[in-house]
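In: Provided below are the primary sequence and the corresponding predicted coordinates.
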Amino acid sequence: MATRELKTKQDCEDFVRGCTVMGTGGGGSRYRGVETLWRGLDEGLKLGFTDIDDLADDTWIACPFLMGSIAPKTAADLAEMQDLGLTAKKYPNAIMNAIQELGDYTGKTIGGVIPIELGGGNTAESVVQAARLSITCVDGDYTGRAIPEITQITPELFDKRLDPLTGVDEWGNISIIKTVVNSQMAERIGKYLAVAAHGLVCMAGMVYSAKECKQIVVRNTLSACLDLGRAIREAQGGGKDVPAVAAEMMNGWIVFKGVVSKKEWEDRAGYYWGTHTLSGIEEFAGQTLKVWFKNENHMSWLNGEPFVMSPDLLCLVGRESGEPKTNDDVAEGDVMAVIGARAPQVFITQPKGLEVLGPTHFGFDYSFVPIEKLMNS
């Protein structure tokens, strides 16, 4: 498969739109993602992504990612940031710096990057920073959606080491994590770095050969996001049911339509937790859907009964426009359609898949029921 390019600002918007849908409510700021890609175009960067089979097996590939919470800043947060001197951004391209620090520390020439997940902010960062470093961005990722914890990626399913890891925040703090005893500690340490930075820390790790990556990557997901975002835009204003078009592109289903009647949230331990309650409209009138999130959407209840759940995807989009919203942007009064879609099958077939991304991982005593079974019952 040839390299797909983002040649125009419209291409960038389409790509980020698709990534945001697939981000299941998380995956970083859509607006930051578009801004990052547009800035890359203005710099004359060649933005795109390439099928991993086109890379030589001995190419070293790193995985850059963001860790932290997307919760809004409170007045107390802003006051403490002022006291800590976290006011001037010294590293506007901190993802790029994290990749460079990882190459310097390991002594390996990094020839490519793979996004850790799909999301409007995080995936865009991988694309533009790869271009800035004149290396390849792989058309694929390690999750096929967005996830809150580093333990929930395909390298974990295949018992790959994640260390060493580097961390760079936009304020100028740089960390090297030489060794972690397990992926849970990688997650814990990274989150503490993000908490210290009052938001996000840009990290890089998981340096594998392309030969290894070919065995664990969820393939061609970036191309799928570009096609999805373009299809949504082209369906708008044309008399089509835009969310239905998006669901078809995802081989998914419209699982609910409703108004956000209540939103509850908190910023805790470096994550954005909460629940959206939707009151049904149209064919769902009189019904209620609750969607629980930890950064991303992971559990739902239809009329009080367990419904679509991780690792399957739950994506909230505008009922008319089909435009996606991250969970920090969803507000009471929003009229939404909820798209459900299958998770990448590796999370179902690999023994660790449901252990790290199923409902019991998030503290819910439910057995995972695949969405296709729910929809066909």
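Out: Right, received. Where do you want to start?
In: tell me where the stretch 101-250 of the chain has strands.
Out: 110-113, 136-137, 140-141, 165-168, 174-177, 200-209, 218-219 (DSSP state E, counting those that start in this stretch).
In: any chance of these in TSV, with mean neighbour count, distance to residue 14 and mean pLDDT too?
Out: Heads up, the C-betas are built off the backbone N, CA and C, glycines and all. Formatted as TSV, the strands of the stretch 101-250 of the chain follow (neighbours: other CB atoms under 10 Å; distance: least, CB to CB, whole Å; pLDDT from 0 to 100):
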stretch	mean neighbour count	distance to residue 14	mean pLDDT
strand 110-113	22	21	97
strand 136-137	24	16	97
strand 140-141	28	18	97
strand 165-168	27	29	96
strand 174-177	16	34	96
strand 200-209	25	25	94
strand 218-219	20	20	96
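In: out of these, which is closest to residue 71?
Out: With CB to CB as the criterion, residue 71 lies closest to strand 200-209 of these, at 11.0 Å.
In: report all helices and strands that the closest one contacts.
Out: strand 60-68, helix 94-106, strand 165-168, helix 183-196 (3 or more CB pairs under 8 Å, 6 or more residues apart in numbering; DSSP states H and E).
In: residue 221: which of these is closest?
Out: strand 60-68 (13.8 Å).
In: now whichever helix or strand comes after the closest one - C-alpha only, PDB.
Out: Counting by DSSP states H and E, the element after strand 60-68 in chain order, helix or strand, is helix 75-84. Output of helix 75-84 as PDB, limited to C-alpha atoms (Å, rounded to 0.1, in the frame of the first residue of the first chain):
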ATOM      1  CA  ALA A  75      -8.700  28.200  39.400                       C
ATOM      2  CA  ALA A  76      -6.700  26.300  42.000                       C
ATOM      3  CA  ASP A  77      -4.800  24.400  39.200                       C
ATOM      4  CA  LEU A  78      -4.000  27.700  37.500                       C
ATOM      5  CA  ALA A  79      -2.800  29.300  40.800                       C
ATOM      6  CA  GLU A  80      -0.500  26.300  41.600                       C
ATOM      7  CA  MET A  81       0.900  26.400  38.000                       C
ATOM      8  CA  GLN A  82       1.800  30.000  38.500                       C
ATOM      9  CA  ASP A  83       3.500  29.200  41.800                       C
ATOM     10  CA  LEU A  84       5.500  26.400  40.100                       C
END
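In: between helix 183-196 and helix 75-84, find me the angle.
Out: Counting by axes from the mean of the first three to the mean of the last three CA atoms, to 10 degrees, helix 75-84 points 80 degrees away from the direction of helix 183-196.
In: on contacts alone, who are the packing partners of helix 75-84?
Out: With contacts taken as 3+ CB pairs under 8 Å, 6+ apart, helix 75-84 sits against no other helix or strand.
In: the chain: helices as residue ranges?
Out: 9-22, 30-42, 75-84, 94-106, 122-132, 154-157, 183-196, 210-216, 221-235, 242-249, 346-349, 353-357, 371-376 (DSSP state H).
In: take the helices and strands packed on strand 200-209 and write them to a markdown table, including distance to residue 220.
Out: Output for these, formatted as a markdown table (distance: least, CB to CB, whole Å):
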| stretch | distance to residue 220 |
| --- | --- |
| strand 60-68 | 16 |
| helix 94-106 | 22 |
| strand 165-168 | 26 |
| helix 183-196 | 25 |
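In: ranking helices and strands of the protein by mean pLDDT, which lands last?
Out: helix 75-84 (a mean of 88; mean pLDDT, DSSP states H and E).
In: may I see the buried residues of it?
Out: Counting neighbours by 16 or more other CB atoms under 10 Å, one finds that the buried residues in helix 75-84 are residue 81.
In: coming back round to it: out of the strands of the stretch 101-250 of the chain, which is closest to residue 127?
Out: Residue 127 sits nearest to strand 136-137 of all the strands of the stretch 101-250 of the chain, at 5.0 Å, using CB to CB.
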